[in-house]
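Visitor: Just a sequence and a predicted model for now, questions to come.
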Amino acid sequence: MANMNENFLKLQDNYLFSTISKKVNEFKQNNPSKKIIKMGIGDVILPIPKSIIEAMHNAVDEMGDISTFKGYPPEYGYQFLKEKIVENDYKSRNVSIDETEIFISDGAKSDTGNILDIFGNNNVVAIPNPVYPVYMDTNIIAGNKIVYIPMNRENNFIPELLEEKVDLIYLCFPNNPTGTTITKTQLQKWVDYAINNKSIIIYDAAYEAFITEKNIVHTIYEIEGASKVAIEIKSFSKTAGFTGLRCGYTVIPKEVIGYTKNNEKICINKLWARRQSTKFNGVSYITQKAAEAVYSEEGKQQINKNIKFYLENAQIIRSELEKYGYETYGGINAPYIWVKTPNGLSSWEFFDYLLNEKCIVGTPRKWLWNRRGRIF
């Protein structure tokens, strides 16, 4: 008889975005003539920029020629892409990251969950509330103890330092779903906490490209000491429209140390490299050539144009909502808006109202510790 991981039974029956898709599909079947405005799952609506498409076409041609054909990609990513990441995402911000500390992946969502493979299943994990549901679900599956970091109207959705000691800390800025950010000074406090408590920060920077304000870091490694305690995860999905291609990367500096039960030090970079070579065959050559084109001059110009479009849309939505008295957050350093539901409606009630009455798809989010109230 096969034993099961019974932690799966502790999850809600359906993943958030699966439930949204089901509701939208049912509405479409019952209302085939109505046009739906989709603002739910964080997908993109603009096509991938032309310079990136051209790079993909060239890579496809290479795959059809025996002299340039590529087989399995390197598990950690091609050097040509990692060099561009080092130069553009780190060196340009006076941050020292080595190519061997970068691991190309099939997206940020995968790595935020898969990273738990290299940690034990008896960790105390701090997760902001509210936040991207993958953090919570994957830690439930792993059997870790979860401590929620309060983020609410009273603290302006800025995570407050914990009094208790935790082992892992998830931080996501610009935050998903609130769109809020924290300053360098505020983030420095979390890095100092991690250093003092031998904790590790898992820093999700998927929306980094949408930052418009100056006192906000684009990488956690701009913070002093972060290279000793932080793992950073980034994505090409939101930056360059790769939601259908799937590509991202994780940075694990060799200074980041974990500990055995006997308090022996372990280089986490080596553990992740071993995990990837065992469970992952790498991202396709065609996709990585597309990602490389993101850093070309044409690619940067075209991507910045798309990012401007999304930010302008967000600012229009925020302005109109505020005009009608809605309480809003985000839309300044993120392409989405966090809205307080009106008249005491729950998030799912408001979701159903928008879908059925206005043909608009949003994303309902609830406070993790209270499934029936205090909902945005």
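Guide: Nice, thanks for sending it over.

Visitor: Can you find the helix or strand in the chain with the smallest mean pLDDT?
Guide: Taking mean pLDDT, DSSP states H and E as the measure, the helices and strands of the chain show their lowest mean at strand 37-38, namely a mean of 81.

Visitor: Partner strands of it, with direction?
Guide: strand 360-361 (parallel) (DSSP bridges).

Visitor: Which parts of the stretch 51-200 of the chain are helices?
Guide: Assigned by DSSP state H, counting those that start in this stretch, the helices in the stretch 51-200 of the chain fall at 79-85, 108-114, 133-142, 184-197.

Visitor: on that earlier part again, distance from the chain centre to the least confident helix or strand of the chain, please.
Guide: In terms of Cα atoms, centre = their mean, to the nearest Å, the centre of strand 37-38 is set 21 Å apart from its chain centre.

Visitor: biggest helix in the chain by residues?
Guide: Longest helix in the chain by number of residues, with DSSP state H as the criterion: helix 297-323.

Visitor: Contacts for the next helix or strand after that one next, please.
Guide: Sequence order places strand 328-330 as the next helix or strand after helix 297-323, per DSSP states H and E. Strand 328-330 has contacts (Cβ atoms under 8 Å, 6 or more residues apart in numbering) with 157, 174, 177-180, 314, 318, 321-322, 336-340. For glycine as for every other residue, the C-beta is placed from the backbone atoms N, C-alpha and C.

Visitor: for the residue most central in space within the chain, what are its contacts?
Guide: Geometric centre of the chain, nearest residue: A206, 4.2 Å, by Cα atoms, centre = their mean. Counting by Cβ under 8 Å, 6+ apart, A206 touches A108, C172, N176, I233, K234, S235, S237, K238, G248.

Visitor: Who are the contact partners of the first one?
Guide: Right, A108. When contacts are counted by Cβ under 8 Å, 6+ apart, A108 touches D204, A206, I233, K234, S235, S237, G248.

Visitor: Tell me which stretches of the stretch 1-150 of the chain form strands.
Guide: Secondary structure of the stretch 1-150 of the chain, counting by DSSP state E, counting those that start in this stretch: strands at 37-38, 102-105, 124-129, 145-150.

Visitor: wait, which of the ones you listed is closest to I303?
Guide: Shortest distance between I303 and these, using Cβ to Cβ, is found for strand 102-105: 18.2 Å.

Visitor: what helices or strands is the closest one leaning on?
Guide: Other elements packing on strand 102-105 under the criterion 3 or more Cβ pairs under 8 Å, 6 or more residues apart in numbering; DSSP states H and E are helix 79-85, strand 248-251, helix 268-279.
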